[in-house]
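Asks: below is the sequence, then the predicted model.
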Amino acid sequence: MQGIIKIFKYSFYDVLRSRWTVLYFLFFLISTFALLYFSGNMSKGIVSLMNVTLTITPLISTIFGVMHYYNSREFMELLLSQPIKRSNIFIGQYLGLAISLSLSFVAGTFIPFLTYGIFVSPEVWDFSLLIFTGALLSFIFVALAFLISILNENRIKGFGIAILMWLCMAVIYDGLILMVFVTFNDYPLEKAAVIMTTLNPIDLSRVMILLKLDISALMGYTAAVFNQFFGTTSGMIISLLSLSVWVVLPIVLFNSFAKRKDF
């Protein structure tokens, strides 16, 4: 455990001092202030910020994850020559990057809403859910990026697969779901809609936030299905557990491959 903490501290402060992390923080800080200013109220600002968060956070986390892994490979090889467990090295590196990115996102969005008085607004719980899911997406896509990187020695190939993974989840996946609904609209697709949504952390986060904002009409004719399942307490718990699985499973796979990998 001490090994994880030491490596985490080094990785965390190294990433936090990076100019790219500062730019990431400034992007959300300026964007959130602008969205709140032009939206005119908290609720519209949260919806607008949701669209930005569900696209940018996974993308930046994926790119940072791949870059950090490949740039730290020589450092990790040096650590592997020391009497330190492999799992401690990789988990410490992962936590350092994921937590620093999450803090940059949270700080960049929290400061503007705090300035506009979010704690005295009825939308405080909606904003809290948005912050939580955005931070969780950072952990998910950093883990996926690390898993892709360790499976591909070639940097260009690793970057390509990582960006394709983000593109599939953020853009293509919704198109595939729509195509399935249009093609099989004569069949009951309620359960299929719930399962397909759960299999994509970005879509699942979007549904959770929209239901909490009580504007589920934006989700079309499947809104009633999502309300019936995700709108309940048990549905929300299952959703959070599903997102947690998206964090844990890539880490377990990554750690398993790391133990067998010849660096």
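Replies: Right, received. Where do you want to start?
Asks: ok, Ala98 - contacts?
Replies: 61, 138-139, 142-143 (CB atoms under 8 Å, 6 or more residues apart in numbering). C-betas here are computed from N, CA, C, even on glycine.
Asks: please repeat the previous calculation with a cut-off of 10 Å.
Replies: Counting by CB atoms under 10 Å, 6 or more residues apart in numbering, Ala98 makes contact with 8, 11-12, 15, 61, 64-65, 68, 135-136, 138-143, 145-146, 247, 251.
Asks: show me how to select, in ChimeraX, the buried members of those residues.
Replies: Burial among those is assessed by 16 or more other CB atoms under 10 Å; the matching ChimeraX selection reads:
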select :8,11,12,15,61,64,65,68,135,136,138,139,140,141,142,143,145,146,247,251
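Asks: tell me which of the contacts of Ala98 fall in helices.
Replies: 8, 11-12, 15, 61, 64-65, 68, 135-136, 138-143, 145-146, 247, 251 (DSSP state H).
Asks: ok, Ile156 to Ser256 distance?
Replies: Using CB to CB, to the nearest Å, Ile156 is found at 25 Å from Ser256.
Asks: okay, those two: which has more neighbours?
Replies: Ser256 (13 against 8; other CB atoms under 10 Å).
Asks: figure out how far the helix or strand where that one lies is from the centre of its chain.
Replies: Per DSSP states H and E: Ser256 is located in helix 233-260. For helix 233-260, the separation from the chain centroid amounts to 12 Å (computed by CA atoms, centre = their mean, to the nearest Å).
Asks: that helix - contacts with which helices or strands?
Replies: Judged by 3 or more CB pairs under 10 Å, 6 or more residues apart in numbering; DSSP states H and E, the packing partners of helix 233-260 are helix 86-115, helix 124-151, helix 190-198, helix 201-212, helix 223-229.
Asks: now with 6 Å, please.
Replies: helix 86-115, helix 124-151, helix 201-212 (3 or more CB pairs under 6 Å, 6 or more residues apart in numbering; DSSP states H and E).
Asks: so what angle separates the directions of the first one and helix 233-260?
Replies: Read that as helix 86-115. Per axes from the mean of the first three to the mean of the last three CA atoms, to 10 degrees, the angle that helix 86-115 makes with helix 233-260 is 140 degrees.
Asks: pull out the buried residues from helix 86-115.
Replies: Going by 16+ other CB under 10 Å, helix 86-115 has these buried residues: 86-106, 108-110, 112-113.
Asks: which residue is nearest the middle of this structure?
Replies: Central residue of the chain (CA atoms, centre = their mean): Leu137, 1.3 Å from the mean position.
Asks: burial measure for the closest residue to Leu129 other than its chain neighbours, as a count.
Replies: In this structure, Leu129 finds its nearest non-sequential neighbour in Lys212, 5.1 Å apart by CB to CB, 6 or more residues apart in numbering. As a burial measure, Lys212 scores 21 neighbours (other CB under 10 Å).
Asks: how much space between Leu137 and Lys6?
Replies: Counting by CB to CB - Leu137 and Lys6 are separated by 27 Å.
Asks: check contacts around Thr197.
Replies: By CB atoms under 6 Å, 6 or more residues apart in numbering, the contact list for Thr197 reads 203-204, 207.
Asks: now those residues in TSV, with neighbour count?
Replies: Putting those into TSV (neighbours: other CB atoms under 10 Å) gives the following:
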residue	neighbour count
Asp203	18
Leu204	23
Val207	26
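Asks: quick one: low-confidence parts of the stretch 101-250 of the chain?
Replies: Scanning the stretch 101-250 of the chain for pLDDT under 70 picks out 189, 214-232.
Asks: which residue of the chain sits farthest from its center?
Replies: Residue of the chain lying farthest from the centroid, by CA atoms, centre = their mean: Asp186 (34.3 Å).
Asks: list phi and psi for that one.
Replies: phi -80, psi -10 (degrees, to the nearest 10).
Asks: what residues are up against it?
Replies: With contact set as CB under 6 Å, 6+ apart, Asp186 has no partners.
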